[in-house]
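Novice: got a structure for you, letters missing:
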C-alpha cells in the first residue's frame with residue numbers, strides 16, 4: 001500500500017515560518033510605563049489604575065458649598081468638589097493622553113479656557 005503525503009518537502013518549514021512571522025508582530029511588550037516625569041512635574045504620586053492609567057486626585061479645600069441655605073460640611077464638600085487627572089501612554093510612544101475633571105468657580109472658568 002502506498003503512503004499518501006499531504007505535505008511535500010519544505011512545506012512544513014514554510015508553514016512554520018509563516019506562522020512565526022505572523023505571530024511575532026502581534027506580540028505585545030508588557031514593559032511598565034515610567035511615570036516618574038509626570039509625577040515629578042505634578043509634585044505628587046498618582047495611583048496606577050487597571051489598564052496602565054495613572055490617576056491624580058485634585059482636592060479643592062478652598063470651596064464653600066451651600067445648598068438651600070445649608071452649608072455642607074468639609075467632608076461632603078470633598079466628595080462633590082474634587083477633580084482628577086488621568087494619564088495613559090499612547091502605544092508606547094512616550095506621548096500621553098490626558099483626561100480629567102476640574103471643579104471651578106464661575107470666576108475661574110475664563111482663566112482655565114486655553
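Specialist: That came in fine, so what should we check first? Worth saying up front: this structure is predicted, and the values here are computed from it rather than measured.
Novice: Helices of the protein, start to end?
Specialist: All helices of the chain, identified by DSSP state H, fall at 11-23, 36-42, 74-80, 109-112.
Novice: Lowest average confidence across these, which one?
Specialist: Ranked by mean pLDDT, the helices of the chain bottom out at helix 11-23, which scores a mean of 48.
Novice: Double-check residue 48 against residue 34; I have them as touching.
Specialist: No - using CB atoms under 8 Å, residue 48 is not in contact with residue 34; the gap is 11.7 Å. Every residue, glycine included, has its C-beta placed from N, CA and C.
Novice: between these two, which one's more packed in?
Specialist: A direct count of neighbours by other CB atoms under 10 Å for residue 48 and residue 34 places residue 48 higher, at 14 against 10.
Novice: Tell me what that one is bridged to.
Specialist: Following DSSP bridges, residue 48 is listed with bridge partners residue 54.
Novice: quick one: it and residue 86, what's the gap?
Specialist: Here residue 48 is placed at a distance of 11 Å from residue 86 (CB to CB, to the nearest Å).
Novice: if I look at the two, which residues touch both of them?
Specialist: Residues touching both residue 48 and residue 86 (CB atoms under 8 Å, 6 or more residues apart in numbering) are 54-55.
Novice: From residue 46, how far off is residue 40?
Specialist: Look at residue 40 and residue 46: by CB to CB, they are 11 Å apart.
Novice: So between the two, which is more surrounded?
Specialist: Neighbours per residue, other CB under 10 Å: of residue 40 and residue 46, the larger number sits with residue 46, 18 against 10.
Novice: Enumerate every residue touching the more buried one.
Specialist: When contacts are counted by CB under 8 Å, 6+ apart, residue 46 is found next to 35, 38-39, 54-56, 85, 87.
Novice: at 10 Å what do you get?
Specialist: If you count contacts by CB atoms under 10 Å, 6 or more residues apart in numbering, residue 46 has them with 35, 38-39, 53-57, 84-87.
Novice: Can you turn the buried subset of the residues you listed into a selection I can paste into ChimeraX?
Specialist: In ChimeraX syntax, the buried subset of these is picked out as below (16 or more other CB atoms under 10 Å):
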select :35,38,53,54,56,85,86,87
